[in-house]
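K.L.:
Need the 3D shape of this:
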Amino acid sequence: MADNENVFPEILPLFPVRDAVLFPFSSQSVSVGGDGAARAVRAAQEVGNFVIFVAQRWSEAIDRINEGTIYSVGMVALITKSQTKIHGKESIHVQGLKKAKIKSIAYDENRNVFFGQIEVIEEDTSFDENLCKSMFREVDQLLEALKESLTPQFFNAYRAIKDPARLAEFLMNTFSKSVQLSQKVLEENAPLAKLESALAVLRKEVMASQLQHMIRHKTMETLSKDQKEAFLREEMKVIQKELGAEDPYNAEIAEYEKKLESDFLPEQAAVEARKQIDRLKTMHPANQESIVVRTWLDTVFSLPWKDSTEDNKDINRAEKVLEEDHYGLEDVKERILEFLAVRQINGDQTSKSPILCFVGPPGVGKTSLGRSIARALGRKFHRLSLGGLHDEAEIRGHRRTYVGAMQGKILEGLKICKSNNPVFMLDEIDKLGKDFRGDPSSALLEVLDPEQNFSFLDNYIGIPFDLSRVFFIATANWEDSIPEPLKDRMEVIRLSGYTDLERVQIAKQYLIPRQLENNGLPKKSLQFTTDALNFISRRYTREAGVRNLERCIGSVCRKVVTLKVKGEEYPKKITQTVVEKLLKLPPFSESELEKNENIGVVTGLAWTQFGGATLRIESNWMLGKGNLILTGQLGDIMKESARIALSYIQSNAEKFGLGKDFVLENKDIHIHFPAGATPKDGPSAGITITTSLLSLFLGRKVDPRIAMTGEISLTGDVLPIGGLKEKLLAAKRNGVVKVFMPEANRSLYESISAEIRAGIEPVFVKSYAEIFKSLFS
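P.N.:
This next block holds a predicted model:
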């Protein structure tokens with residue numbers, strides 16, 4: 001089958017279009033809307049870029065092409081150009097060649113494309129010349145009435161047309177809004193019949209234009225300037241739509257309305273979004289307020305109002321994941337498994353996510369544990385660092401009236417996760433700031449309260465958001481720095497430091513494999529002995545966690561890699577000797593304790609945000625005026641403990657063998673806590689200070705391997721203390737063999753693992769007299 005310039009097959013891909021009819025010798029730009037259209041374009045490339053351009057019988061999208069969904073007459077068209085627009089959509093430019101009848105339709109399963117077998121329709125070229133001239137004159141008159149609304153380019157194209165059939169198609173392309181009428185003109189073969197149908201459309205257009213002109217003339221007399229702009233904008237929308245060049249601003253509004261209709265938002269949010277969209281329609285695109293409204297709508301539609309991930313309810317799998325990622329930490333693992341068990345019984349909707357707070361020294365795995373919990377539950381994970389946060393708006397968001405306003409960090413995190421039930425970690429909650437801009441900890445009260453957070457109100461969004469499904473986990477180094485109302489809303493889980501055995505196991509299971517991979521070494525290419533790991537732990541790191549231990553292991557790996565790259569011999573088994581050779585002299589001795597006994601020097605135990613530590617307390621006296629001198633950067637509570645200890649000794653001097661006449665009027669007493677750069681505070685050094693003073697006054701030495709912890713009262717009662725596990729870890733690490741502790745802490749001591757207690761003799765006391773009897777009698 002041949003045309004003068006084009007030859008095309010009888011079977012071509014079908015390209016159905018909803019709102020357009022293509023005529024011979026005319027061209028159009030068409031968007032490639034769906035996958036089917038895109039496949040048809042690709043199939044056309046195999047047959048010379050020819051397609052059958054045919055109109056659909058209705059405007060809705062169709063799944064399958066058959067005789068009932070498309071017209072039987074279409075246009076053989078040549079795809080002259082294909083391009084991808086900025087927003088990612090593909091469009092093609094087509095040129096009409098020949099009118100054709102679609103004889104049959106077939107589906108190619110391999111290419112997933114519908115093909116049509118065609119028969120070219122030859123048009124009638126004979127017509128009445130006089131009648132044709134009369135119809136051309138009427139067209140001239142009608143177009144003259146529309147002259148104001150038509151461009152010079154239109155008239156230039158119109159005057160060049162001499163064929164009545166081509167004129168009819170030109171007029172239909174310009175004025176017809178009906179696919180059915182355009183299709184009728186396409187199917188008609190008689191030229192003057194085509195032109196008569198086009199004239200009917202043109203007459204209606206003239207009548208509508210005259211009526212619109214009259215209404216506009218009357219209306220414009222009473223419209224304000226803003227109303228005129230709105231009116232003209234509506235007209236512009238219609239013109240742009242007819243030209244197929246929709247305004248981006250209106251396209252954006254249409255996209256908002258489409259999202260609103262998709263039932264994406266809850267009822268209250270949908271009502272507010274509808275209100276803002278209606279406001280947006282009345283605004284000029286360049287209006288500053290329209291930018292604010294569009295930003296707000298973008299934020300609202302990007303929040304996961306109804307999007308969530310499905311929890312992993314397999315408790316055994318969750319337990320396996322937690323065991324894979326962390327060694328020990330049984331309390332935390334048990335709590336997570338309890339949550340999953342309750343969720344299985346009650347269902348997703350009735351089980352509120354717990355709000356946990358991990359308190360412990362750095363490096364014990366608080367943050368990584370949060371990631372493991374997310375993996376075990378099958379949820380997404382987001383971490384927000386609160387350290388130094390000092391503006392309440394960072395949590396609640398800024399009000400929209402402020403320049404640069406945006407949502408708070410909580411909703412921002414959910415937006416990033418695209419889920420309304422992630423594991424959300426609030427890191428360093430004990431380091432929140434506070435200044436004239438507000439108190440972030442107060443804003444967090446609503447976030448972390450299970451009875452309130454189902455309707456959390458962000459100032460920017462202004463619509464309640466349900467946070468009850470979010471699994472919040474806070475972390476802190478120092479429990480006392482967390483505001484009490486905030487701490488009351490959370491379930492505090494304390495993570496103590498690790499024992500040497502635990503450090504070795506963590507190193508073998510997690511740290512060594514990770515460092516081997518990070519440094520490009522094959523698995524099992526280096527073997528660290530247990531003695532070497534213990535040596536690194538005790539002599540190169542003094543910490544509650546394992547961060548420095550991992551750094552030292554990484555340093556060993558890097559030095560081995562360096563030797564390997566140089567071509568030198570490198571060790572494959574890392575022993576204590578190899579460690580000392582690679583890492584040089586260890587910075588710490590085997591024990592921090594004094595090897596020699598000294599008068600007035602006693603070993604105490606302290607708890608810090610970095611874990612437990614031994615604390616040497618030194619006392620001395622000299623001629624003076626009865627002053628008490630305290631040094632070592634002490635807090636108020638520790639200073640009070642020193643005064644209480646001295647008062648207690650003076651009031652019981654005779655019982656302690658100091659004599660009735662024991663006075664300090666001509667003596668100055670100096671109590672010093674070494675490591676003066678480190679702040680120290682707390683009441684638990686009370687009995688240690690008392691023992692140090694008595695050692696000085698009695699001239700008796702105390703074995704440095706004996707440590708003690710406990711608060712003392714003016715009557716000599718030994719009161720309970722906290723952080724016992726951390727203190728015992730420090731004692732064990734430093735070679736302490738006996739620890740005096742309050743009787744009230746016996747049950748806490750018994751709950752501590754046997755591994756930590758082993759090798760340390762506990763002595764429980766109710767009053768200081770028992771300690772005096774044991775050490776000085």
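
K.L.:
Distance check, the closest residue to Gln268 other than its chain neighbours against Lys259.
P.N.:
The spatially closest residue to Gln268, leaving aside those adjacent along the chain, is Ile463, at 5.9 Å (Cβ to Cβ, 6 or more residues apart in numbering). The C-beta positions use only the backbone N, C-alpha and C, and glycine is treated the same way. From Ile463 across to Lys259, the span is 15 Å (Cβ to Cβ, to the nearest Å).

K.L.:
And Ile118, by the same measure?
P.N.:
41 Å.

K.L.:
which residues sit in contact with the residue nearest to Gln268?
P.N.:
268-269, 272, 300, 457 (Cβ atoms under 8 Å, 6 or more residues apart in numbering).

K.L.:
got a pLDDT number for the residue lying closest to Glu123 once chain neighbours are set aside?
P.N.:
Leaving aside its sequence neighbours, Glu123 sits nearest to Asn189 (Cβ to Cβ, 6+ apart; 5.3 Å). With respect to pLDDT, Asn189 scores 87.

K.L.:
Am I right that Asn189 falls within a helix?
P.N.:
No. In this structure, Asn189 is coil, not part of a helix, as judged by DSSP: H, G, I helix; E, B strand; the rest coil.

K.L.:
Need the phi and psi values for it.
P.N.:
phi -100, psi -30 (degrees, to the nearest 10).

K.L.:
wouldn't it be in contact with Ser126 here?
P.N.:
No. When contacts are counted by Cβ atoms under 8 Å, Asn189 is not listed as touching Ser126 (10.7 Å).

K.L.:
Look at the two and report which has more neighbours.
P.N.:
Using other Cβ atoms under 10 Å as the criterion, Asn189 and Ser126 rank with Asn189 on top: 13 against 7.

K.L.:
What separation is there between Ile706 and Ala157?
P.N.:
Distance from Ile706 to Ala157, by Cβ to Cβ: 107 Å.

K.L.:
Which one of the two is surrounded by more residues?
P.N.:
Comparing Ile706 with Ala157 by other Cβ under 10 Å, the one with more neighbours is Ile706, at 21 against 12.

K.L.:
Excluding chain neighbours, what is closest to the more buried one?
P.N.:
In space, Ile706 is closest to Lys738, 4.7 Å off (Cβ to Cβ, 6+ apart).

K.L.:
Just give the number of residues close to that neighbour.
P.N.:
Neighbours of Lys738 (other Cβ under 10 Å): 15.

K.L.:
Assign a three-state SS to Val492, would you?
P.N.:
Counting by three-state DSSP, the backbone at Val492 sits in strand.

K.L.:
got the contact list for it?
P.N.:
Neighbouring residues of Val492 by Cβ under 8 Å, 6+ apart: 357, 359, 479.

K.L.:
Bridged to it, which residues?
P.N.:
Beta-bridge pairing for Val492 (DSSP bridges): Cys357.

K.L.:
Could you look up the SS state of Leu363?
P.N.:
Heads up, residue 363 is Gly, not Leu. Gly363 is classified as coil under three-state DSSP.

K.L.:
again with Ala642
P.N.:
Applying three-state DSSP: Ala642 is helix.
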